[in-house]
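Asker: here's my sequence, what's the structure:
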Amino acid sequence: MKRFLTVLAAGVPLAAAVNLPMAPAQAASGVPATFACAPSAVRAPAGTRVESVTADRREGGTIQGGGILGGTVAGVPAFCEVVVTLTHPGDDDHAKIRTWLPVTGWNGRFQALGGSAYAAGDNGVGLATAVRDGYAATTTDAGLGDVLDVSWALDAEGRVNGALLENLASRSQHEAAVVGKQVVAAGYGERAAYSYFNGCSTGGRQGYQEAQQYPDDFDGILANAPAVDWDEFEVATLWPQVVMNNERTYPSACAFKAFTDAAVKACDPLDGAVDGLVNDAGRCDFDPRRLIGTKVVCDGRELTISAADAAVVRKIWDGPRTSSGRSLWAGVPVVARLSGLAGTTPPDAGGQVKGAPFPVPQAWVANWLEKRPAFDVATLTYERFERLFRQSRAEYGRIIGSDDPDLSAFRASGGKLLSWHGQADEFIPARGTVDYRRQVERTMGGAGKVDDFYRLFLAPGTPHCGLNKGAGTTDDLGALRAWVEQGKAPATLPATLVDAAGRSVARDLCRYPQVSRYSGHGDPAAASSFRCVPPPRS
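Answerer: Below is the predicted model:
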């Protein structure tokens, strides 16, 4: 359970928990003398009605995050919390938009925060972190619940609640931007000089949706490990369970780890340095059959890797395919942890285990596709899985796909989009983000033109949202600010990663499509010992 909570926490800004190095405010404006923590008139965004506005002064200190994710942030200054509740007439929804205004030390900037899994917004940790760093910050719950609360998915007649799904997909985030900026202007007597969006996973998808659908909302969008193509990848992430159930083979977590460790060991030298960080994971083609007959110790018992184990891993790595063999989606990256999506239950009294699906895709299939919350995904055959994949794309691609490659309006607005994605992301394969970036290039005139406003960085050895939300760190928001406010486009993204020995090492994440390669001399723990080079030709 602890690991599961850690995984979910990856989708919200938990920078405070890992001492994220944030860039200091470049021109802190402090707080104007006209600052007032009081309800003010709010102009309702198009299609909405304001139900209520409240304002309360909070003393700050240590903020506790709500819901399953929890988390804490210390050293938060006093702030004013303004809550605006919106409804869409006829939809019977009630979306709460929270905006936190630092009472002192406002840096003149606005930051909106994305959500995680089925939560549309922040649980308080991201807001507290932003306020601690001088931002006025806002988020919305979109009228929904916590990260795994899908009780809203279907109405009393068992039909999909389209209004609330649209809230999650796009409109509530836009409305929060519109309302949050008004609250900032009313509280301080002046508008924010710059506006930013910050999110990972679901939050990353929301950032891409903003760039595609509401290009004037933000000057800069930080959208990491984005859940783009939600309609496809949410079904695709059930593939490991479908494979194990249909092959009737359930490798242990130890066996899965042995396959991943072997793949990393085999592919690690490709970048010239043996450090446990695979810099070009897409080139790793380790054959799992090489481990057949290998002994592994799991919970004090010695197990032997079987041909059936290797076959299951091969299918999971390959990703879902049609009955004719055509690829539908990327599989779990070869260098990523397998047991996140290929989880199993503990052995029962007879020693039997079953699949334990990750709850986010399980809920998507049961509620939005089968329209039966109690649906057992363990009953899925390969054929039924393929039909559900196509059904999800047909029914929800336009609503929550967030994959429109035409970003010309965002480019024209002067906006900047910055993303990083971990190459060892076990829940949202980086290949989906790379494929989207390629589509944008084809649509908008090539890589050079796209780099003017949208840059992607791939992080070696990094799991889902694992920079700033895990052991690694990078000042991604600082890099975005320098790009937006000073015109300094990031050629690399300096980061701290963790090598195979558990040491912190400095690396410059390379701008896609370049990859990092060891120069052949110098300390492998120093960023200066590596250089970014074009990827080898396939």
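Asker: which residues sit against the longest helix belonging to the chain?
Answerer: Longest helix of the chain, by residue count under DSSP state H: helix 382-400. With contacts defined as CB atoms under 8 Å, 6 or more residues apart in numbering, helix 382-400 is touched by 165-166, 168-170, 205, 230-232, 234-236, 238-239, 242, 246, 320, 322-323, 328-329, 364-365, 368-370, 380, 401, 403. C-betas here are computed from N, CA, C, even on glycine.
Asker: just the buried ones from the residues you listed, in ChimeraX syntax?
Answerer: Only the buried entries of these go into this ChimeraX selection, using 16 or more other CB atoms under 10 Å:
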select :165,166,168,169,170,205,230,231,232,234,235,236,238,239,242,246,320,328,329,364,365,368,369,370,380,401,403
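Asker: what about residue 513, how many residues nearby?
Answerer: Neighbour count for residue 513, taken as other CB atoms under 10 Å: 16.
Asker: flag the shaky bits of this structure, pLDDT-wise.
Answerer: In the predicted model, the chain carries pLDDT under 70 at residues 1-34, 469, 538.
Asker: let's see it at 80
Answerer: Residues of the chain meeting the criterion pLDDT under 80: 1-34, 468-471, 537-538.
Asker: check contacts around the residue nearest in space to the middle of the chain.
Answerer: In the chain, the residue lying closest to the centroid (CA atoms, centre = their mean) is residue 201, at 1.5 Å. Listed by CB under 8 Å, 6+ apart, the contact partners of residue 201 are 10, 11, 116, 117, 224, 225, 226, 227, 427, 428, 464, 465.
Asker: one more: residue 48?
Answerer: Applying CB under 8 Å, 6+ apart, the residues near residue 48 are 86, 87, 88, 89, 175.
Asker: which residues touch the second one?
Answerer: By CB under 8 Å, 6+ apart, the residues touching residue 87 are 48, 49, 51, 93, 94, 95.
Asker: try 7 Å this time
Answerer: Applying CB atoms under 7 Å, 6 or more residues apart in numbering to residue 87 gives the contacts 48, 49, 51, 93, 94.
Asker: who does it bridge with?
Answerer: With DSSP bridges as the criterion, residue 87 is bridged to residue 49.
Asker: how close does it get to residue 45?
Answerer: Distance, residue 87 to residue 45, using CB to CB, to the nearest Å: 11 Å.
Asker: in the stretch 301-450 of the chain, which spans are strands?
Answerer: For the stretch 301-450 of the chain, the strands defined by DSSP state E, counting those that start in this stretch cover 301-304, 416-422.
Asker: on that earlier part again, pick the one among the contacts of residue 201 closest to residue 210.
Answerer: Nearest to residue 210 among the contacts of residue 201 is residue 226, at 11.0 Å by CB to CB.
Asker: so which helix or strand takes in the nearest residue to that closest one once chain neighbours are set aside?
Answerer: Sequence neighbours aside, residue 204 is the residue nearest to residue 226 in space, at 3.1 Å (criterion: CB to CB, 6 or more residues apart in numbering). Element membership of residue 204 [criterion: DSSP states H and E] is helix 202-213.
Asker: tilt between that helix and strand 416-422?
Answerer: 150 degrees (axes from the mean of the first three to the mean of the last three CA atoms, to 10 degrees).
Asker: just how off-centre is helix 202-213 within its chain?
Answerer: 11 Å (CA atoms, centre = their mean, to the nearest Å).
Asker: just checking, what packs against it?
Answerer: Counting contacts by 3 or more CB pairs under 7 Å, 6 or more residues apart in numbering; DSSP states H and E, helix 202-213 is packed against helix 172-188, strand 194-200, strand 220-224.
Asker: 10 Å instead, please
Answerer: Here helix 202-213 touches strand 109-113, helix 172-188, strand 194-200, strand 220-224, helix 230-236, helix 408-412, strand 416-422, helix 430-444, going by 3 or more CB pairs under 10 Å, 6 or more residues apart in numbering; DSSP states H and E.
Asker: alpha carbons only: can I get the fifth one in CSV?
Answerer: In this case it means helix 230-236. This file holds the C-alpha atoms of helix 230-236, laid out as CSV (Å, rounded to 0.1, in the frame of the first residue of the first chain):
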residue,chain,number,x,y,z
TRP,A,230,-5.8,9.2,-22.1
ASP,A,231,-8.5,7.3,-24.0
GLU,A,232,-5.9,4.8,-25.4
PHE,A,233,-3.2,4.5,-22.7
GLU,A,234,-5.7,4.0,-19.8
VAL,A,235,-6.8,0.8,-21.6
ALA,A,236,-3.3,-0.1,-22.6
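Asker: helix 382-400 and the helix or strand just after it, what's the angle between them?
Answerer: Downstream of helix 230-236, the first helix or strand assigned by DSSP H and E is helix 239-247. With the same axes, to 10 degrees as the basis, helix 239-247 and helix 382-400 are set at 160 degrees to each other.
Asker: for helix 239-247, what is the distance to the chain centroid?
Answerer: Counting by CA atoms, centre = their mean, helix 239-247 comes out at 25 Å from the chain centroid.
Asker: what are the buried residues along the helix or strand just after that helix?
Answerer: Next helix or strand after helix 239-247 toward the C-terminus (DSSP H and E): helix 253-267. Within helix 253-267, the residues that qualify as buried are 255, 256, 257, 258, 259, 260, 262, 263, 264, 266, 267, counting by 16+ other CB under 10 Å.
Asker: again with stretch 100-119
Answerer: Within stretch 100-119, the residues that count as buried by 16+ other CB under 10 Å are 100-103, 105-119.
Asker: just the CA atoms of that stretch, as CSV, please.
Answerer: This file holds the C-alpha atoms of stretch 100-119, laid out as CSV (Å, rounded to 0.1, in the frame of the first residue of the first chain):
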residue,chain,number,x,y,z
TRP,A,100,-4.1,31.1,-2.2
LEU,A,101,-2.6,34.6,-2.0
PRO,A,102,0.6,35.1,0.1
VAL,A,103,0.0,37.9,2.5
THR,A,104,3.7,38.9,2.2
GLY,A,105,6.4,38.3,-0.4
TRP,A,106,4.2,37.9,-3.5
ASN,A,107,6.5,37.6,-6.5
GLY,A,108,4.0,39.0,-9.0
ARG,A,109,3.4,35.7,-10.6
PHE,A,110,0.4,33.3,-10.9
GLN,A,111,0.7,29.5,-10.9
ALA,A,112,-2.1,27.0,-11.6
LEU,A,113,-1.8,23.5,-10.4
GLY,A,114,-2.9,20.3,-12.1
GLY,A,115,-4.2,17.0,-10.6
SER,A,116,-3.5,13.3,-10.3
ALA,A,117,-5.4,10.2,-11.5
TYR,A,118,-9.1,11.1,-11.1
ALA,A,119,-8.5,14.2,-9.0
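Asker: list the contacts of residue 407.
Answerer: Shown in contact with residue 407 (CB atoms under 10 Å, 6 or more residues apart in numbering): 208, 211-212, 215, 413, 415, 417, 440, 443-444, 450, 453-454.
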